[in-house]
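# sharing a model that was predicted from the sequence below.
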Amino acid sequence: MKNKSVEFIMDGRRHRHRRWILVTSILAVISCILCSAMLILGNTIYPMKDVIRALSGEQIQGVSFAVNKLRLPRMLAGLFAGFAFGIAGNTFQTMLRNPLANPNVIGITTGSSAAAVFCIVILHASGAVVSIVSVIAGLATVTLIYILSRGKSFSIGRLILIGIGIQAMLNAVVSYLLLIGAERDIPAALRWLSGSLNGSQMHELPPLVISVILLAPIVMMLGRHLNILELGEQSATSLGVDTDKTRMILILSSVCMISLATSTTGPIAFVSFLSGPIAKRLVGVGYSNVIPAGLVGVNLVLAADLIGQFAFVVRFPVGIITGIIGAPYLIYLLIRMNRKGEL
């Protein structure tokens, strides 16, 4: 009887492992297809062989400029920003055991946004300055939210409510900055606030790329500990997890990635909110969905950008398309949580 039970458990584990590999592989293939489409499609559609020749450094009239200067930076910005948004959103939702506890809803992204708008409108700065200030503002925002939510004991519900309040306050700050800003700076700030890949430049991408390359593996390595944290503080401690240290590393890594992603592309709506639940539904339980959540984020950003560029007569920024997708899900989630008494 015991051997049958062990065999049943091992069969279930192997099934979940095969499902994880299959889902992750499919998401990766879709990401590659969308990346290729970003390079091929535009005002002029280029054959893949010409795109590859242009990327390899061969000079082809018209193709080299369009691919290397316009489409490649746009694709890389969407790729790395989507991966950062997906991983960071999943990390916060899993760690805090609440689908509402993502950087968009609790104000972390808004903190980075307010700092970036201040740099654009008041300081007339760009590039590295915006990236550094956005990271500092993101860390300051999450620290403030955490301190205010402590009280006599830490409460996830209190953290979410305080985060929503901080978000509202920071949105007011953004509105004030736009009101007092110079007229010539307002269009750029508004375009950036909507979440857009338009005008992405190669020289703006290194901070985001480096942060994802360095920090995403850290979150992946802590993926098992992240799943254990979902069981609660006492359970995680009893299983040998240093909860304070693990939580601090995860928070710092996620905030740095999402702050740099926000400073590069603007606050692309609902990507961090949607990626984790979609990945969890696809992968199931039993295995870390950090990588699938990052790939879902990539697919959401790239697919939404392609839809915004080519599906309508007027071209829309990627953030508007993801907002249209994410808003109904947020309403559905709030209704469901209210019925379960979780609000």
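Cool, got the structure.

# now for the protein, the helix or strand with the poorest mean pLDDT.
Ranked by mean pLDDT, DSSP states H and E, the weakest helix or strand in the chain is helix 233-238, scoring a mean of 75.

# quick check: which helices or strands does it pack against?
helix 223-229, helix 243-265 (3 or more C-beta pairs under 8 Å, 6 or more residues apart in numbering; DSSP states H and E). (C-beta placed from N, C-alpha, C; glycine too.)

# can you give me the mean pLDDT across stretch 46-63?
The pLDDT scores in stretch 46-63 average 89.

# flag every buried residue along that stretch.
The neighbour-count check on stretch 46-63 (16 or more other C-beta atoms under 10 Å) flags 46, 50-51, 53-54, 63 as buried.

# just the element for Gln59, please.
Gln59 is part of no helix or strand when elements are defined by DSSP states H and E.

# let the chain start at 792 from now.
Got it, first residue is 792 now, which makes that one Gln850.

# circling back to that earlier point, would you reformat the helices and strands packed on helix 1024-1029 as TSV and include mean neighbour count and distance to Gly1088?
Shown next, in TSV, are these (neighbours: other C-beta atoms under 10 Å; distance: least, C-beta to C-beta, whole Å):
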stretch	mean neighbour count	distance to Gly1088
helix 1014-1020	19	15
helix 1034-1056	23	9
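
# neighbours of the residue nearest to Leu1041 when sequence neighbours are not counted, how many?
Sequence neighbours aside, Thr882 is the residue nearest to Leu1041 in space, at 5.4 Å (criterion: C-beta to C-beta, 6 or more residues apart in numbering). Thr882: 30 surrounding residues under other C-beta atoms under 10 Å.

# redo the buried residues of stretch 837-854 as a markdown table? Include distance to Asp1033.
Output for these, formatted as a markdown table (distance: C-beta to C-beta, whole Å):
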| residue | distance to Asp1033 |
| --- | --- |
| Tyr837 | 52 |
| Asp841 | 53 |
| Val842 | 48 |
| Arg844 | 52 |
| Ala845 | 49 |
| Val854 | 53 |
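
# and the residues you listed, which two are furthest apart?
Greatest spatial distance among those (C-beta to C-beta): Tyr837 and Arg844, at 9.8 Å.

# which residues in the stretch 992-1134 of the chain form helices?
997-1012, 1014-1020, 1024-1029, 1034-1056, 1062-1074, 1081-1101, 1109-1130 (DSSP state H, counting those that start in this stretch).

# from the contact counts, what lies against the last one?
So the one you mean is helix 1109-1130. helix 1062-1074, helix 1081-1101.

# hang on, Ile927 packs against Ala907?
No: taking C-beta atoms under 8 Å as the definition, Ile927 is not a contact partner of Ala907, at 11.2 Å.

# of the helices and strands packed on helix 1024-1029, which is nearest Arg862?
Nearest of the helices and strands packed on helix 1024-1029 to Arg862, taken as C-beta to C-beta: helix 1034-1056 at 15.3 Å.

# the inter-axis angle of the closest one versus helix 1062-1074?
120 degrees (axes from the mean of the first three to the mean of the last three C-alpha atoms, to 10 degrees).

# circling back to that earlier point, got a list of what the residue nearest to Leu1041 touches?
If you count contacts by C-beta atoms under 8 Å, 6 or more residues apart in numbering, Thr882 has them with 1010, 1017, 1041, 1044-1045, 1081.

# pass me the low-pLDDT residue ranges in this protein, would you?
792-801, 803, 942-946, 1024, 1077, 1128-1129, 1131-1134 (pLDDT under 70).

# name the helices or strands packed onto the top helix by length along it?
Longest helix in the chain by number of residues (criterion: DSSP state H): helix 793-831. On a contact count with 3+ C-beta pairs under 8 Å, 6+ apart, helix 793-831 meets helix 839-846, helix 863-886, helix 1062-1074, helix 1081-1101.

# tell me which of the ones you listed is the most buried.
Of all the helices and strands packed on helix 793-831, helix 863-886 has the most neighbours on average by mean count of other C-beta atoms under 10 Å, namely a mean of 27.

# hmm, Thr1037 and His1016 touching each other?
Yes: using C-beta under 8 Å, His1016 is in contact with Thr1037, at 4.9 Å.

# overlap in contacts, those two.
By C-beta under 8 Å, 6+ apart, no residue touches both His1016 and Thr1037.

# list the contacts for the most centrally placed residue in the chain?
The centre of the chain sits closest to Phe876, judged by C-alpha atoms, centre = their mean, with a distance of 0.7 Å. Each residue near Phe876 by C-beta under 8 Å, 6+ apart is listed here: 1049, 1052, 1059, 1062-1063, 1066, 1088, 1092.

# do Leu981 as well
Leu969.

# next, the angle from the one helix or strand Ser922 maps to to helix 863-886.
In this assignment (DSSP H and E), Ser922 forms part of helix 919-941. Relative orientation of helix 919-941 versus helix 863-886 (the same axes, to 10 degrees): 10 degrees.

# helices and strands around helix 919-941, which ones?
By 3+ C-beta pairs under 8 Å, 6+ apart, helix 919-941 packs against helix 899-912, helix 947-971, helix 997-1012, helix 1034-1056.

# got those helices as a markdown table, with distance to Leu939 columns?
Putting these into a markdown table (distance: least, C-beta to C-beta, whole Å) gives the following:
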| stretch | distance to Leu939 |
| --- | --- |
| helix 899-912 | 13 |
| helix 947-971 | 5 |
| helix 997-1012 | 25 |
| helix 1034-1056 | 15 |
